[in-house]
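Trainee: Sequence plus the predicted model coming up.
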Amino acid sequence: MRFVAQPLFFACVIGFFRARTRLWAVAGLWTGLLLTGFNVYAAAVTYVPQFRVRNDFRLIYGAALTAWRQGYNHLYDLDAQKRAVEELGAGTYWSPFLNPPPLAWLATPFIALPFEAAIFVWTLLVVGAALFAWWVVAPGGRLARLSHLALFLGLFPTAFGLMVGQPVALVAAAVAGSWWLAERNKPVLAGLVMSLTAIKPQVALLIPICLLVSGHRWMFAAWLAATAFMVAVALVLLGGDGLQRYRDVLALASQWEPTRRYAISGPLGLGPQVYVVETLVVAVALVAAWRQRGEGVARPIATGVVASLLFTPYVGFQDFALLVVAGWLVVRSGATVAQTALLVVGYALLELALVVLAIPILVAEAALLVSLAWPAAQAPGDLRRVRGVMRGHVADDPGDRDLADRAQRA
């Protein structure tokens, strides 16, 4: 009897907490508003007074200026980049532009504006992209969606990325838009939109292969065609010298501690051990994608995001904002109890990213990736198959069946 009662007890507990969705939404909303208020205060006292010199758009704008004035073969000429950025005004300091050419292409129209106006328009663009990602993907009713918005904007990696004009919000919008189109049976358009992640490809690198393995061939083919076209154009514009400069810049950046701090090479160091872990990440992602055949695109995309952030050697903590979009997709596809717990714990770790640093976050990411590869589990709140959990022990017991039904309705 104890064997039967224990699973039923846990079923009741799960049902009780899952049924209190409004309570959780209100708690999430207040938490998100408090965190957002803190972020607004931090921005007001730290970033707004130095907005034009601390915003990373200065590097994108400077790179676009360099390419426009001297040709795209000089896009990764570090001396030319430095001159262009320092010309933007007193106190403007330079760091190398590391992103692929598509981000410079996107920024090229902005150089028609004075830098002060361009940075304002760019900020509107990245904030609008973040709001678009939330609007399209966030699950639940009105109150739950408002809670998700407050928590999304309250998360410090998200807020920091918006404060400094990081393009990760644009990647989030591309991922969200691609999912939305795929859900409406427009796989070719979805694949084309997914190709826009080329502006910062390392944070979405494994999404396409997860889509292919999970059976979304048209979406993958459209992404591949658009990406191949962009690569061809970039190679022509860069030329041999420009391509070699880009290789040199990436090789230099791979040695920098700030670019590796939240990547697996941060705690593991550089060496063959990193390649072993990266291989394991790809293998688990492929297993997950294979198991997700016929389940829609939400889980393969979420798997690709999580795996990409584990795999890439270049991660800034602002890039973790993309994990929120992945979390929404997991919830939409039916998160298990374990996955729900991982998402909550992961959110707390990301909020404290500057304190806990890389290892706990990497462990949580790895656990979420493994959970996505695990054999399909019963989603929380779906207790109708509770007798399967009991291994048949309640099949002929009306009292136990009634208890399970009441747990489901609680």
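Mentor: Structure received.

Trainee: show me where pLDDT drops low in the stretch 251-400 of the chain?
Mentor: Within the stretch 251-400 of the chain, the set of residues satisfying pLDDT under 70 comprises 375-400.

Trainee: ok, now with 90
Mentor: 251-274, 294-295, 313-317, 337, 353-358, 374-400 (pLDDT under 90).

Trainee: where do the helices sit along it?
Mentor: 257-260, 265-268, 272-291, 298-311, 321-332, 337-351, 353-356, 358-373, 386-389, 398-409 (DSSP state H, counting those that start in this stretch).

Trainee: and the ones you listed, which is most packed in?
Mentor: helix 298-311 (a mean of 28; mean count of other C-beta atoms under 10 Å). Glycine gets a C-beta too; all of them are placed from N, C-alpha and C.

Trainee: And that helix, what does it pack against?
Mentor: With contacts defined as 3 or more C-beta pairs under 8 Å, 6 or more residues apart in numbering; DSSP states H and E, helix 298-311 has these neighbours: helix 168-183, helix 207-213, helix 272-291, helix 321-332, helix 358-373.

Trainee: Adding distance to Pro109, write these out as a markdown table.
Mentor: Formatted as a markdown table, the helices and strands packed on helix 298-311 follow (distance: least, C-beta to C-beta, whole Å):
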| stretch | distance to Pro109 |
| --- | --- |
| helix 168-183 | 14 |
| helix 207-213 | 27 |
| helix 272-291 | 36 |
| helix 321-332 | 25 |
| helix 358-373 | 36 |
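
Trainee: nearest to Phe110, of the ones you listed?
Mentor: Minimum separation from Phe110 across the helices and strands packed on helix 298-311 (C-beta to C-beta) falls at helix 168-183, 13.2 Å.

Trainee: Export only the CA atoms of the closest one, formatted as PDB.
Mentor: The C-alpha trace of helix 168-183 is given here as PDB (Å, rounded to 0.1, in the frame of the first residue of the first chain):
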ATOM      1  CA  VAL A 168      21.800  39.000 -29.100                       C
ATOM      2  CA  ALA A 169      18.300  40.500 -29.000                       C
ATOM      3  CA  LEU A 170      18.200  40.500 -32.800                       C
ATOM      4  CA  VAL A 171      19.200  36.800 -32.700                       C
ATOM      5  CA  ALA A 172      16.400  36.100 -30.200                       C
ATOM      6  CA  ALA A 173      13.900  37.800 -32.600                       C
ATOM      7  CA  ALA A 174      15.100  35.800 -35.500                       C
ATOM      8  CA  VAL A 175      14.800  32.500 -33.500                       C
ATOM      9  CA  ALA A 176      11.300  33.500 -32.300                       C
ATOM     10  CA  GLY A 177      10.100  34.600 -35.800                       C
ATOM     11  CA  SER A 178      11.400  31.400 -37.300                       C
ATOM     12  CA  TRP A 179       9.500  29.300 -34.800                       C
ATOM     13  CA  TRP A 180       6.400  31.300 -35.300                       C
ATOM     14  CA  LEU A 181       6.500  30.800 -39.100                       C
ATOM     15  CA  ALA A 182       7.300  27.100 -38.800                       C
ATOM     16  CA  GLU A 183       4.300  26.700 -36.500                       C
END
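
Trainee: who touches that helix?
Mentor: Residues outside helix 168-183 that contact it (C-beta atoms under 8 Å, 6 or more residues apart in numbering) are 106, 125-127, 129-130, 132-133, 136-137, 158, 161-162, 187, 189-191, 193-194, 196-197, 199-200, 203-204, 207, 216, 219, 296-298, 301, 305, 318-319, 321-322, 324-325, 329.

Trainee: if you set the cut-off to 7 Å instead, what comes out?
Mentor: 126, 129-130, 132-133, 136-137, 161-162, 189-190, 193-194, 196-197, 199-200, 203-204, 219, 297-298, 301, 305, 318-319, 321-322, 325, 329 (C-beta atoms under 7 Å, 6 or more residues apart in numbering).

Trainee: Distance of the closest residue to Ala204 other than its chain neighbours relative to Leu329?
Mentor: Computed as C-beta to C-beta, 6 or more residues apart in numbering, the closest residue to Ala204 that is not its neighbour in sequence is Thr197, at 4.0 Å. When distance is defined by C-beta to C-beta, to the nearest Å, Thr197 is 15 Å away from Leu329.

Trainee: same question, His74
Mentor: Applying C-beta to C-beta to His74 and Leu329 gives a distance of 40 Å.

Trainee: now do Ala204
Mentor: As judged by C-beta to C-beta, Ala204 and Leu329 stand 13 Å apart.

Trainee: so where's the stretch 1-150 of the chain shaky on pLDDT?
Mentor: 1-30, 32-33, 39-55, 88-96, 98, 140-141.

Trainee: after the host helix or strand of Ala117 comes which helix or strand?
Mentor: Ala117 belongs to helix 115-137 when elements are defined using DSSP states H and E. Helices and strands here follow DSSP H and E; after helix 115-137, the next one along the chain is helix 142-154.
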